[in-house]
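> the amino acid sequence is not available; the structure is as follows:
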């Protein structure tokens, strides 16, 4: 959550802010997918 606020501090409306947001969202999605894959493997 802190990283999100740091990304916002870089500059409102600047491209860097959006890149930071996308990076944070991408990492969250990656972690989510990893968790789902682990559950699927255990289910078998």
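Nice, I can see it. Keep in mind the model is a prediction, meaning the values are calculated, not measured.

> can you get me a residue count around residue 25?
Around residue 25 there are 11 other residues, counting by other Cβ atoms under 10 Å. Heads up, the C-betas are built off the backbone N, CA and C, glycines and all.

> which SSE is it in?
helix 15-43 (DSSP states H and E).

> buried set for that helix?
Residues residue 20 are the ones in helix 15-43 that count as buried (16 or more other Cβ atoms under 10 Å).

> which helices and strands sit right next to that helix?
helix 2-10 (3 or more Cβ pairs under 8 Å, 6 or more residues apart in numbering; DSSP states H and E).

> show me the contact partners of stretch 37-44.
With Cβ atoms under 8 Å, 6 or more residues apart in numbering as the test, stretch 37-44 has no contacts from any other residue.

> quick check: mean pLDDT across it?
The average pLDDT for stretch 37-44 rounds to 88.

> and if you look at stretch 15-34?
90.

> quick check: residue 43 vs residue 23, distance?
31 Å (Cβ to Cβ, to the nearest Å).

> again but with residue 42, I slipped
Here residue 42 is placed at a distance of 29 Å from residue 23 (Cβ to Cβ).

> same deal with residue 36?
Relative to residue 23, and taking Cβ to Cβ, residue 36 is found at 21 Å.

> cool, residue 39 as well?
25 Å.

> repeat for residue 33
From residue 33 to residue 23 the distance is 16 Å (Cβ to Cβ).

> kindly report the same for residue 29.
From residue 29 to residue 23 the distance is 11 Å (Cβ to Cβ).

> which residues do the two both contact?
What both residue 29 and residue 23 touch, as defined by Cβ under 8 Å, 6+ apart, is an empty set.
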